[in-house]
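Peer 1: Sequence first, then the predicted structure:
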Amino acid sequence: MTLAHIFIFALLSILVGRLPENRTRSWILFIASLLAVFALQPETSLRQFDFWLPLATIALTVLTWFVVRERSPLVSEDRNSLLAIVAVILAISVARILPRPVITATYPPQIQFVLLALILTAAIVTAVATVRQERSGLMPATIVFIVLLFVVLKSEPLQLGLSRRLRIITGQSPELASRVDLVWLGFSYIAFRLIHTLRDCAARRLQRVSLREYLTYVLFYPALTAGPIDRLERFVVDLRQFQRLTPVRFARGGKRIAIGMLKKFILADSLAILALNEVSAVQVESRLWLWLLLYAFAFQIYLDFSGYTDLAIGIGTWAGIDLPENFERPYLQADIRAFWNRWHITLTEWFRFYVFNPLTRRLRTTRVRLPVWAIICLGQFVTMILIGMWHGIAWHFLLWGLWHGVGLFLHNRWQSIFQKYSPRASALRDHAVWRAIGVFFTYNYVALGWVWFAIPDVDAAFDVLRKLTGM
Amino acid sequence: MARDIDRDAWSWTRITRLLVKTAVLFIVFNLVFAFFDIWPLIGKLSVYNTIVPGRPRLPYGSDPERSYNLTTSQLDVIIASHEIAGEVKTTDEYRILILGDSSVWGFLLQPGETLPAQLDAGAYHMADGRRIRVYNFGYPTMSLTKDLVLLSRGLEYDPDLVVWFFTLESFWRENQIEAPLIQFNPDATRDLIVEFQLDLDPADSRFQPATFWQRTIIGRRRELANAIRLQCYGVMWASTGLDRHIVIPEDRNDRELPNGLDFHGLQPDELEEKQLAFDVLTAGVELAGEVPVVLINEPIYIHAREGSDLFYNAVYPRWAYDTYREWLRVRSEEESWRLLDLWDWLPADSFADSGVHYGAEAASALASFLAESMWETIDD
């Protein structure tokens, strides 16, 4: 999100928030979110993919809605929503006649190609809707498809392979394929929202939502770039119960936007100059400076990410949608578990809900009786490694996940032993000095973990850790 | 956070009042900033020489993320980041300020490899026991006027000797106001033009004087951002000791010699002395006053290829450079300047990408030579 995007979104949210009735508001939010998918998508070196990728996002979301919806004929509202989607896409593609691109970063493709893509999507959606009527394994198949797509986009060799093939289709040189060819805006978040609805639908927990509500939830413009990953049932409550923009909501949203801008555009962007990276890690000789650069990285990543969340929450508040918190003073937590309860909260909750809980439940009911500590250990390691891989399928992200898995497991064991042998443990734990020590150790453990994040080369990361710890 | 706000009694009237107050305050701050021209004062605030060590040469760099350096034309900002701004001169210090272009600044060199740095590292002493400290005040771009402006600021740090490197191109009158450092500091330059009655136009259209609106916070936003970024890069400079990302240059000395014999469009015998800015050199020596100035015609690349009977290198035809040297010699004798003409002192293989950029070994050799000859010059 650039400053221009923030300004436009904020203005739009104010206008939406001041509307007298909910129906118009929810339609505007829907259309604005569709447009935002195209507007926020950066230019890619693959020709016209700044149009095709957003189109694919919308197609995938519509398709998933058809998978999760109840088996009943389409109501007029859903038909109208489909028409609106087609109208928005055609309007964007027609904009190619204008002297310069308006919504997309480059000129959209010719309209006949867009029509062809829409017909193809309609055919797939119709097929899905038909198969869905016959109760097939469509839901798991959709999850597998999204996960596979996610894996391809997050894995460098697979992404390059896909990029080479796409370059052949677009008539571009496959030799020039690179990672930046397929920068698919917000896909990590969109995929997880879609999987959440698919899993909840499979567990018969998903409430019925219209196509418009579903698309607005998945593509809600403030949360498209960097989350948070809201839950559908919570989002829909806000969407249906119109919270008009009151002075209190305006002040609350404004404060969050101001804080977000300060965090992202002033603090994080300044710290980015100092933050540890592959080059500076080799250049810095002194251990003290290296720690400073690592701390700069730790704060940069926090301020950048939480700044975006503040912006999303602030803009959402103005539009009448209370997005969930994603960060709550994570670096001031006295243990690693508390850190993970306050760092990227919505992602952690997603994994807890869909990975950790089902996995540990399954492990408890296996024929081979595993000890509790082993179940926790396995659950935490798998969850944290997957959280690491969510950022990218690479060894350094795996090690980052493992680092936190080890931390969580050790903390769990420590807590259990401590409570067993010290009845006054809880009183001691609340003591200010004990807490300060906890904050210090937790922060530094997390900071050391960022080395894996900042330095993709595993050997180089080990060297930095050795340099930092003097080992 | 939200709870605190919810507790307050917010109304649209209060919000409007708040927004109006904020806007008014912002406008007032901008007007005060512009009216009192606060920018030079802010420019002097620096993390250098306080939180992080000062830079041994003025900030200059086109690849900030790799060189931990950036180019900004804000004189106050760049001088505040220099180590000289943090060094209190003691009685046992003999302070030398070296002026010049990119060859003195050390375009292809890390900060410790430059000519001034190697002179300083020699830990030389004066006969009276004072430790000789050498400061690099060179700055890329060839313009004696740019050097003069830097000299006027450098003199504030009480040097005992000024060493001024230049070459023919530094004298070319058209070059004098080409440097952005000159164009964006018009007041400093104009004062010198007027004071020394230089043959330069104080109303030259290349000067970029800031209008009232450009002096506001909004108008200065890019300068402010650059100043802040330069402070941040200070941490990286301090932690790595690097201030330049050196790319192995293409050997431009190898390029074809020009077809014609012209120099800046002038044919032999068309060059007039007034086209070279000797008046600026005179002004510099005059400005230095009691402080002795050693003038050095810096070494240039002299090739030995076909056509070398007509050209010294791709930039200098022999006739132009010889004429310049002769004028320089005559002027020096007339004005009793201390001149070292080192134009052919370095062998051709010392140079890399241009006619004046030499490597670390050449800088070292030159430093050793200067250490001997310069003290003799001073003693004379």
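Peer 2: Right, received. Where do you want to start?
Peer 1: give me the number of residues near the closest residue in space to A:Val439 that isn't next to it in sequence?
Peer 2: Once flanking residues are discounted, A:Val439 sits nearest to A:Ala334: 5.3 Å by CB to CB, 6 or more residues apart in numbering or on different chains. Using the backbone N, CA and C atoms, a C-beta is placed for each residue, glycine as well. A:Ala334 has 19 neighbouring residues, counting by other CB atoms under 10 Å in any protein chain shown.
Peer 1: Need the phi and psi values for A:Ala334.
Peer 2: phi -90, psi -10 (degrees, to the nearest 10).
Peer 1: where does the stretch 151-300 of chain A dip in pLDDT?
Peer 2: Counting by pLDDT under 70, the stretch 151-300 of chain A shows no low-confidence range.
Peer 1: Quick one: the helices in it, in order.
Peer 2: Using DSSP state H, counting those that start in this stretch, the helices of the stretch 151-300 of chain A run over residues A:156-170, A:187-202, A:211-219, A:232-240, A:247-261, A:269-274, A:278-283, A:287-319.
Peer 1: which helix in chain B runs the most residues?
Peer 2: Counting residues, the longest helix found in chain B (DSSP state H) is helix B:12-35.
Peer 1: Next, the angle helix A:247-261 makes with it.
Peer 2: 30 degrees (axes from the mean of the first three to the mean of the last three CA atoms, to 10 degrees).
Peer 1: returning to that earlier point: show me the contacts for the residue nearest to A:Val439.
Peer 2: Contacts for A:Ala334 were tallied using CB atoms under 8 Å, 6 or more residues apart in numbering or on different chains; they are A:Arg429, A:Trp434, A:Arg435, A:Gly438, A:Val439, A:Thr442.
Peer 1: ok, these vs chain B, which is closest?
Peer 2: A:Val439 (20.4 Å; CB to the nearest CB).
Peer 1: in what helix or strand does that closest one lie?
Peer 2: Element membership for A:Val439 (DSSP states H and E) is helix A:432-454.
Peer 1: residues contacting the residue nearest to A:Leu267 when sequence neighbours are not counted?
Peer 2: Nearest in space to A:Leu267, with sequence neighbours left out and distances taken as CB to CB, 6+ apart, is A:Leu303 at 4.8 Å. By CB under 8 Å, 6+ apart, the contact set of A:Leu303 is A:Lys263, A:Lys264, A:Leu267, A:Ala268, A:Leu271.
Peer 1: what's the closest of these to chain B?
Peer 2: A:Leu271 (8.0 Å).
Peer 1: pretty sure the closest one contacts A:Gln300?
Peer 2: Yes: between A:Leu271 and A:Gln300 a contact is recorded at 3.8 Å, counting by CB atoms under 8 Å.
Peer 1: Show me what from the stretch 251-400 of chain A comes close to chain B.
Peer 2: A:251-252, A:255-256, A:270-271, A:273-274, A:279-280, A:283-286, A:289-290, A:292-293, A:296 (CB under 8 Å from any CB of the partner chain).
Peer 1: again, only this time at 7 Å
Peer 2: Taking CB under 7 Å from any CB of the partner chain as the criterion, the stretch 251-400 of chain A approaches chain B at residues A:251-252, A:255, A:270, A:273-274, A:279-280, A:283-284, A:286, A:289, A:293.
Peer 1: mind putting those residues in a markdown table, distance to B:Trp343 and neighbour count included?
Peer 2: Converted to a markdown table, those look like this (distance: CB to CB, whole Å; neighbours: other CB atoms under 10 Å in any protein chain shown):
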| residue | distance to B:Trp343 | neighbour count |
| --- | --- | --- |
| A:Ala251 | 71 | 21 |
| A:Arg252 | 71 | 24 |
| A:Lys255 | 66 | 17 |
| A:Ser270 | 46 | 18 |
| A:Ile273 | 41 | 21 |
| A:Leu274 | 44 | 23 |
| A:Val279 | 39 | 14 |
| A:Ser280 | 41 | 26 |
| A:Gln283 | 37 | 17 |
| A:Val284 | 41 | 24 |
| A:Ser286 | 43 | 13 |
| A:Trp289 | 43 | 18 |
| A:Leu293 | 45 | 25 |
